[in-house]
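Novice: Let's see this in three dimensions:
(one chain, ligands or ions: 1)
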Amino acid sequence: MQLPRNPTREVKIGSAVIGNANPIAVQSMTATKTSNIDATVAQIHSLEEAGADIVRVAVDNRREAAALIEIRKQTTVPISVDLQENYRLAEVIAPYVNKLRYNPGHLYHHEPEKPWQDKVRFIAEIARDNDCALRVGVNCGSVDPAKLEKYDPADSISPMLESALDHCTFLESIDFTRFCVSLKDSDPAKVVEVNTRFAAQRPDIPLHLGVTEAGMPPDGIIKTRMAFEQLISKGIGDTIRVSLTVPNDRKGEEIEAGRAILKDIAEGRVRTVVDFDLKGLNIISCPSCSRVENEVFVDLAADVKKMTEYAKDHKLTIAVMGCRVNGPGETDDADLGLWCGPNYVNLKKGSESLGRYSYDEILPRLKSELDALIEEQTAQ
Ligand code: SF4
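Specialist: Numbering: from 1, shown residues only. Coordinates of the predicted model:
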């Protein structure tokens, strides 16, 4: 069965084309240190062997940019570069890659006095001059602060949506149309809502779908499937990424899971998993990337899942994040949040910081906070 597809514009990303009737491209992201050229090249090759159409690589500084130039020489798959705060790196890396991803919520950190429009114009002009596509990548944990202020804090969808729409309008106002958009949240229901609303307003713009911080398999795959089945069955989605917290030698599972979900939808085996219980304990964890600050992060996420098994019937969310770039913001909405530094783990209760603990101390400390929350819930 042919998947229904929204008639979006086409966006060329190197040898891949997304949008309109083109097959839905499956992508992943490297989790090796980008500065480790050999490890990153090996991971790109293994993702390609698993069937990746596009591979994303994080680049945060000039050292990593120099490594990426070497990585490009040893690889052929279309490469997307993940820019975070240092948007000026676009200039250094664009000649070597096929797509640049920027996050509207991260354009405030460098040169805060400069309007975001100037920064986006800079990135778009670099992309245009270097035959690159762009992705406007909006993420629930790092939304444009001006948009957050405008809406009721209970409404997390409207600020994301408006931020994405504003960026689309601005890019088009400077005659740049070679872009796609992503709107990611760790809650599959919100991913469905925000992407459905976006597609209703801008059915012409290709969408990159993903459930961010979906966590470890199988839960991470199930959450992603819940969102993708509902969206892709309605023709929404032109490229996908399944984000899983797995060790580096298992990253190909993201591609395999994405391909399996697409195949099932195409063959009518949509089993929207209404029985998956997001009402109990929900562990969200990032898939890790080059920015992860301690290699034990994936083990820590697995240990948190195991240690908290006893609380599985309690409606609580624990977030485990790999770095300081997205960790602080993306743990705010969790009941308890952990984000990793090089030698310590930061513990949070909602947006309140509870301090930093060594990797040996963190699990018992987390347990005592979890016990206290369970006690509060039970007393209500
Ligand atoms: Fe990478 Fe940090 Fe996001 Fe984890 S939280 S995927 S380490 S940027």
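Novice: neighbours of residue 338, just the number please.
Specialist: For residue 338, the count of nearby residues is 26 (other C-beta atoms under 10 Å). To be clear about C-beta, it is placed using only N, CA and C from the backbone, and glycine gets the same treatment.
Novice: got it, and residue 171?
Specialist: As a burial measure, the neighbour count of residue 171 was computed by other C-beta under 10 Å and equals 23.
Novice: Just the C-alphas of the helix or strand it falls within, formatted as CSV.
Specialist: Residue 171 belongs to helix 157-173 when elements are defined using DSSP states H and E. Once side chains and other backbone atoms are set aside, the C-alpha atoms of helix 157-173 remain, and they are given as CSV (Å, rounded to 0.1, in the frame of the first residue of the first chain):
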residue,chain,number,x,y,z
ILE,A,157,1.8,23.7,22.0
SER,A,158,1.0,27.2,20.9
PRO,A,159,4.5,28.7,21.6
MET,A,160,6.2,25.9,19.6
LEU,A,161,3.8,26.3,16.7
GLU,A,162,4.0,30.0,16.6
SER,A,163,7.8,30.0,16.7
ALA,A,164,7.9,27.5,13.8
LEU,A,165,5.4,29.5,11.8
ASP,A,166,7.2,32.8,12.3
HIS,A,167,10.5,31.2,11.1
CYS,A,168,8.8,29.8,8.0
THR,A,169,7.3,33.3,7.2
PHE,A,170,10.7,35.0,7.8
LEU,A,171,12.6,32.5,5.6
GLU,A,172,10.2,32.9,2.8
SER,A,173,10.3,36.7,3.1
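Novice: residues of it that come out buried?
Specialist: Within helix 157-173, the residues scored as buried using 16 or more other C-beta atoms under 10 Å are 157-168, 170-171.
Novice: interface residues of the stretch 201-350 of the chain facing the ligand?
Specialist: Those residues of the stretch 201-350 of the chain that sit near the ligand, judged by C-beta under 6 Å from any ligand atom, are 286, 287, 288, 289, 291, 292, 321, 322, 323, 325, 326, 327.
Novice: How much space separates residue 162 from residue 194?
Specialist: 11 Å (C-beta to C-beta, to the nearest Å).
Novice: circling back to that earlier point, which helices and strands does the helix holding residue 171 pack with?
Specialist: Contacts of helix 157-173 with other secondary structure elements, assessed using 3 or more C-beta pairs under 8 Å, 6 or more residues apart in numbering; DSSP states H and E, are made with helix 116-129, strand 133-139, helix 145-150, strand 179-184, helix 188-201.
Novice: rank those by pLDDT, which is bottom?
Specialist: Of all the helices and strands packed on helix 157-173, the minimum mean pLDDT falls on helix 145-150 (a mean of 92).
Novice: List of residues touching it?
Specialist: Where contact means C-beta atoms under 8 Å, 6 or more residues apart in numbering, the residues beyond helix 145-150 that reach it are 105, 108, 158, 159, 160, 162, 163.
Novice: Using CSV, please lay out the residues you listed together with pLDDT and distance to the ligand.
Specialist: Formatted as CSV, the contacts of helix 145-150 follow (pLDDT from 0 to 100; distance: C-beta to the nearest ligand atom, whole Å):
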residue, pLDDT, distance to the ligand
105, 93, 13
108, 84, 17
158, 97, 24
159, 97, 20
160, 97, 17
162, 97, 23
163, 97, 18
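Novice: quick one: the residue in the stretch 1-150 of the chain positioned nearest to the ligand and residue 82, what's the gap?
Specialist: Scanning the stretch 1-150 of the chain for the residue nearest the ligand gives residue 58, at 6.6 Å (criterion: C-beta to the nearest ligand atom). Here the distance between residue 58 and residue 82 works out to 4 Å (C-beta to C-beta).
Novice: Mind listing the shared neighbours of the two?
Specialist: With contacts defined as C-beta under 8 Å, 6+ apart, the residues adjacent to both residue 58 and residue 82 are 29, 289.
Novice: quick revisit: from the buried residues of helix 157-173, which is closest to residue 296?
Specialist: Proximity of the buried residues of helix 157-173 to residue 296, judged by C-beta to C-beta, is greatest for residue 160, which lies at 31.8 Å.
Novice: pretty sure residue 205 is in a helix, no?
Specialist: No - assessed with DSSP: H, G, I helix; E, B strand; the rest coil, residue 205 is coil; it does not lie in a helix.
Novice: do you know how far it is from the ligand?
Specialist: The span separating residue 205 from the ligand equals 24 Å under the rule C-beta to the nearest ligand atom, to the nearest Å.
Novice: residues making contact with stretch 325-333?
Specialist: By C-beta under 8 Å, 6+ apart, the list of residues contacting stretch 325-333 from outside reads 60, 84-85, 105, 139-142, 156, 186, 212-213, 286, 291, 317, 319, 321, 337-340, 346, 348, 350-351.
Novice: Buried ones from the residues you listed, can you make that a PyMOL selection?
Specialist: In PyMOL, this line selects whichever of the contacts of stretch 325-333 come out buried by 16+ other C-beta under 10 Å:
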select buried, resi 60+84+85+105+139+140+141+142+156+186+212+213+286+291+317+319+321+337+338+339+340+346+348
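Novice: Of the contacts of stretch 325-333, which belong to helices?
Specialist: Per DSSP state H, helices hold no members of the contacts of stretch 325-333.
Novice: Among the contacts of stretch 325-333, which ones are in strands?
Specialist: By the criterion of DSSP state E, membership of the contacts of stretch 325-333 in strands covers 139, 317, 319, 321, 337, 338, 339, 340, 346, 348.
Novice: so what's the first one up against?
Specialist: I take that to be residue 139. When contacts are counted by C-beta under 8 Å, 6+ apart, residue 139 is found next to 103, 105, 184, 185, 212, 326, 330.
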